[in-house]
Each structure stands twice: as structure tokens, then as C-alpha cells.
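# A predicted structure for the sequence below; I have some questions about it.
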Amino acid sequence: MAADISKLGLRTKWQDLTEGMVIAGAGTSRDFLTGEWSSVKPEFIEEKCKQCLLCVPVCPDSCIPVKDQKRAEFDYDHCKGCGICVKACPFGAITMEGVN
Amino acid sequence: MSKHTEIRWHGRGGQGAKTAALLLADVAFQTGKYVQGFPEYGPERMGAPITAYNRISDTVIRAHSNIYDPQYVVVVDESLLETVDVTGGLKEDGAILINTERTKEEIIPHLKGYKGDVYVIDARKISMEALGKYFPNTPLLAAIVKVAEIMDKDIFLREMKASFRHKFASKPEVIDGNMKALEMAFEEVC
Amino acid sequence: MAKRDRLSGNEAVAIALRQINPDVFPAFPITPSTEIPQYFASFAANGEVDTEFIPVESEHSSMSAAIGASAAGARALTATSSCGLAYMWEELYIAASNRLPLALALVNRALSGPININCDHSDSMGARDSGWIQVYAENNQEAYDNMVQAFRISEHNDVRLPIMICQDGFITSHAVENIELLEDEEVKGFVGAYEPENYLLNPECPMAVGPYSVTDYYMEAKRNQAEGTRHVERVMLEVAEEFEKLSGRAYGLFEAYRLEDADRAVVMIGSAAGTTKDAIDKLREKGEKVGLLKIRLFRPFPADAIAEALKNVKAVAVMDRAEGYTNQGGPLGADVMSALFRARSSALAVNIVYGLGGRDVRVEDMEQVFAELKTIIDNNDAGETYRYMGVRE
């Protein structure tokens, strides 16, 4: 039985768990909205952004989507608010409470 | 009537008493018997007294205990006569076989009044003559097969030759010496 | 076509493993390991198996490697004894809770201390709550037959749990006895190929094994795991039935020996059961109604079937080759007495600790146990329900 992560929740019965809690299938972390784990979020200031894209590869949760060679707004469903992107931006285009 | 033979071996670690018990089980198996051959492990070191056992039977063997009242006892190292109660539980209508240079008459006073049959064999002499090395278990195996009437000599020698061919496939030069040791032991045990 | 042979218990299990030809066999190659990996290593070196044999640096590692191999999709096993099993403790639970089919060829020996290398069941009894299936043998034949059946039970889709195939250290592991072996092709056909639905090395479906479970899920996960153990009895009997067609040798969850009309029974595990059968035959010749229930499947514990088999006995002695240090007796005693209690049995039961550290069990010892049971019936009183046999006092 392959896991359907989206069906997991505090009401899930034991019968609906996979054997051995195995998670079979790729990319299931997309269905797991870990963004709620954070207390603070980075903020994207588009007018300061030079589109250097230095922030994109350093994000541990791949929460900075890129389209047509330009970064877009954060994926707050999965951003855990670590603040690494704030440190990586040379132009002050990302800010977050408590991170300089 | 179905036959059931129990044998206890007394030796010292490194002398091959366990191997002899396993070889005896092996060769008795070849004659269609039910067999058991097992060692009793004490301290694992060279020279420590060890005991090994054989049950050989016409019927299925289920008991997994040591043997306390054997029909036969084999003493691989005669120095054990002074330290281990080798005749303990040994049946009076059974026999004890001892590896020694001494004669039967010289040995009997050391057997705490055991009244059954006593056999002696000089396994060292036979082994040195046939193999050039001291492996007492080969002559003792032949001797106990004869004393306990496990099987006919011819069948025994045939089975042992086949077993040696398998065991010593990589050094066939030792097969003849081992066969000679068995034949000599069969003749010399008394 | 059965082949008659004479083998030690270690050789017998190693030959079963050669015939099974598993994919991966990690094992610690030094004491307290057994001759089983030693024999198997020579099969591997001689090209008689396709197995990846991995000599690892500890039992912690051998079980970890077996778990990894099983998760990857391989048919895997390891082997150990005594303290080696103790060193696998953490991984035992991981194998079971991750629902990974794999086997462990165990030779039962005492745990230290005092230091002792001989037979008792304290090693596997300590692992009884780890979620593994535990199967025990009376002799080399049963050890071999259980090993041949092991993967069929462990890998069954309704079970998917690791299985421990146990035999008594030295008493059967080092004793050469008669045995009937199956042909290589028969074993191969019986065991079949292992085809897991999900496995790590499947590029079509990547998989995560052993994820973290927060409190919100842990209890549901453990209940889910228990569902696997609930199928073990049925699957084990199905496999045994098929095995009997192949071999002519019948197996159940336990063996009932002359128990049908017995008023006194002994319940025990392992090699001393053979000795007990000799005692029973002697007493039966004198007209005494005595019998034996020999446990084959200990985990999960077939309590209902055991209580049913013992329903007509007036007194029962449950024999434990391990101390439980509960002041009540050993683990088998606790399980059997609880089974009898649940079944509202009126049998008088005692729990006897015996055979620790290789202490020998003779036919006369077991005759004495049946004599004690007679006294219990005559007095209609079990007396001291926690006893020792064969201890100097």
C-alpha cells in the first residue's frame, strides 16, 4: 500500500496507516505542508531584487519558485522560516524579523 | 531385540575425543543406525578434561541428556584415570577401553574396582608408526568399534576409507597411514 | 526425494540456507557467533550460493545490514547467539516495526553473567516482546525444517515480520544426529522468489523506510504492527500444511505428545522435550496418564490453542529454561498460566525453572516432575507455584 500523505491527520485510524509507516512514492513532501511550523516568515521586496537568483539554491525547502529566469513569491506552504535566504541576498531584497 | 549402545569418551582438549565421537556417529550412521555424537563443553582450552558422548541405536533417539550409565567408556588420556571418575556409572557388563602403553594388569588397579571388561591399546605407538604423528583418536575409533561390536571390520574399514577420501581430498598421502592405523588398532586392542 | 544424512544442528541450518540461497547474509564472524555463518561462508566462497556474504564488525551492524538489505528488496538474514543477540536489541525492534521480512538463525545460549557459553533460553526470551516471530526446535531436523519454512511465513503479505529460528546451543547445534534433507530443487520451489511490493531499489517508486512518528501517530503505528502478528498463526499453519505435502513431516503451532487423555502435562520448549518424551513413554508403560505440549511458535503466543489442548489436564508443569526475575517464574510460565486463566481452566499449574547455563536434563528429572504433579493432584493444591529443578540446595 502506497502512502497518501494528504490523508494523514489527527483523525487517521491505525487501519489507514501503511505497514511499517513506509512512504512509497516520490515527492510526497509536497503534500506535507510544513510551512505552518514557522513563527516568522521572510518577506520578498520585489523592487530591490536584481534577479541574481542567489537565494534560490540555498533554500533548504525549495520554497523560492523560478519562472522565466525570474524568482517569484515565496512558497509559504513549505517555508519553515530559517532565514538563510535573507543572509544570501546581496541587495536587501529579502527581510525577516530577527535576521540581519 | 533392538540394540541401543551408549558410549562416553574422556579426553583432554585438543586430543580429538570430540572428533572421535563425531566420527563414530558418522560411521555408525553409514550402517543404517540412528546416531548421536556430541561433546560436553567445559573450559575451552587445550589440556582441560572434556567429555563426549555417543548413542547408537536401532530406533529413533530422542533423549538429549548426557550419558550417566554408559555401556562403554573410552579414555583417550590415561592421566585422567587419577583425576576424573571415568568408571562412574559404567555398567558392569560393559567395558572400558584405555589408551596406554601399560598392560591390562598394570591398569586394572587404577580403575577403582571396576568389575567389567578392560581393554587397552597403545594408540601412541600405532599412531607414530602409521602416521608419524600422535593422533590417538584414529586408533581409538577402530578399537571401540571392535570392543563395542558396532559393526564388522570389513564394513568399518570400507566406510572409513570412503570418509578419509572425502575428508583428505586435498592431501591423499595421509589416507594410507590412517587406514594402516585403523587396521593395526583392530588387531592390537586387547 | 528425501536424503538421509547425519548432521549437527548448525550444519543442518547452514544447508537449509544454502538451499534457500538468500540474497544477503551479513554476520559477525567471531564468537559469540556460531558455525552457521562459518559453514555458509564456505558455501559462498565455493560459489554454491549467489549470496552477498558480509562479515561485519558487530552484531549491531549485522542486524542493521540485514535490515538495510531487506528494505532494499533483498531476501536477507543473519545469525547469532547469546550476547550477540543482546547487542542487536535496538535493531530487532526496528526490523519488526518497519515490517521487514528477514530471518535470524539463533542458537540459544545463556547470557552473562556469570560467564557461560552453554544452552538456555535467556537470550531469545529477552527479545520476546520485540515484535519478532519466534520459532523453536527440539532437534536438528526441526531446526532445518523451520528454517526452510521461515521465509514463507516472514514474507507473507499478511505478515511481513522478521522471524527468529531458534535451536538449543550445543545440545542440538553441536550434536550430530540423523536427519532427512530435502532436495535443493524442492527447497527452491517451496521457498519461491521474493517479490516485495515496495522496496528501496525500485526506481519506479522511491520509498522512505523508518520515518519519524510523533505521538499523534506512534500508537496507531504500533496497533498497525500488531495486525501483522495476528495473522502469524494462520499463515504458519498454511505453510506447515504445504511443507507436510513436500516432506511428510507434520508441524503445528505446538506438538501435543500423548496429551489426548493425559491428566498431567508438561509444557516446554526445545531439546529437553525429546528427553521428556522418553520419560512419558516409560510412565505410560506403567499406566500413568502423562503428556507433553512442546511449544513451536512462542511469539506470537498461541494462547487459545494451548489452553484448548490442555483443557482436560488436572495439573500442568510449565518449564522455563530462563529466569524471569519476577519472583513468579519465567516467561513461558507467565504466558501459559495467563492462557489458562483466560480460558477459565481449573488445572493446577506450577512453573519450573530448569536447565540454566546448560544444566543437564535427564529422563529421571522429568519423571520426577510428573511425580510432583501427581502429588499436586492428590493434595488438590499446587503448593509453591515457582520452583527450580536440578539446583543444589
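Sure, I can see it.

# What ranges does chain A have for its helices?
A:55-58, A:84-88 (DSSP state H).

# of all the ones you listed, which lies closest to C:Pro22?
Closest approach to C:Pro22 among those (Cβ to Cβ): helix A:55-58, 43.2 Å. No exception for glycine: its C-beta is placed from N, CA and C like everyone else's.

# if we can go back for a sec, highest average neighbour count across the helices of chain A?
helix A:84-88 (a mean of 17; mean count of other Cβ atoms under 10 Å in any protein chain shown).

# quick one: the helix or strand bottoming out on mean pLDDT in chain B near chain C?
In chain B, no helix or strand scores lower on mean pLDDT, DSSP states H and E than helix B:153-167, which sits at a mean of 89. No. Using Cβ under 8 Å from any Cβ of the partner chain, helix B:153-167 never reaches chain C; the gap is at least 11.7 Å.

# so what's the residue located most distally from the centre of chain A closest to, chain neighbours aside?
Here the centre of chain A is the reference, and by Cα atoms, centre = their mean the most remote residue is A:Gln15, at 30.1 Å. Of all residues not flanking A:Gln15 in the chain, C:Asn224 sits nearest, at 7.5 Å (Cβ to Cβ, 6 or more residues apart in numbering or on different chains).

# I figured the one you found hits A:Leu17, correct?
Yes. Using Cβ atoms under 8 Å, C:Asn224 is in contact with A:Leu17, at 4.8 Å.

# For the residue nearest to A:Gln15, give me the pLDDT.
Note on C:Asn224: pLDDT of 95.

# Now name the helix or strand holding it.
C:Asn224 is part of helix C:215-230 when elements are defined by DSSP states H and E.

# Please identify the buried residues of that helix?
Neighbour counts over helix C:215-230 (16 or more other Cβ atoms under 10 Å in any protein chain shown) mark C:Tyr217, C:Glu220, C:Ala221, C:Asn224, C:Gln225, C:Gly228, C:Thr229 as buried.

# Now do the closest residue to the last one other than its chain neighbours: how many residues are near it, please.
What sits nearest to C:Thr229 in space, not counting adjacent residues and going by Cβ to Cβ, 6+ apart, is C:Pro300, at 4.5 Å. Using other Cβ atoms under 10 Å in any protein chain shown, C:Pro300 has 20 other residues around it.

# before we move on, the earlier item: so which elements touch the helix holding C:Asn224?
Here helix C:215-230 touches helix C:89-97, going by 3 or more Cβ pairs under 8 Å, 6 or more residues apart in numbering or on different chains; DSSP states H and E.

# which residues are in contact with the helix it packs on?
Applying Cβ atoms under 8 Å, 6 or more residues apart in numbering or on different chains, the contact partners of helix C:89-97 are A:20-21, C:60, C:63-64, C:66-67, C:70, C:85, C:102, C:127, C:130-132, C:161-162, C:210, C:221-222, C:225.

# export that helix as CSV, just CAs?
Extracted C-alpha coordinates of helix C:89-97, given in CSV (Å, rounded to 0.1, in the frame of the first residue of the first chain):
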residue,chain,number,x,y,z
TRP,C,89,18.5,-5.3,20.6
GLU,C,90,17.9,-1.9,19.1
GLU,C,91,17.7,-3.2,15.6
LEU,C,92,15.4,-6.1,16.5
TYR,C,93,12.6,-3.6,17.2
ILE,C,94,13.4,-1.6,14.1
ALA,C,95,13.2,-4.7,11.9
ALA,C,96,9.8,-5.6,13.3
SER,C,97,8.2,-2.1,13.4
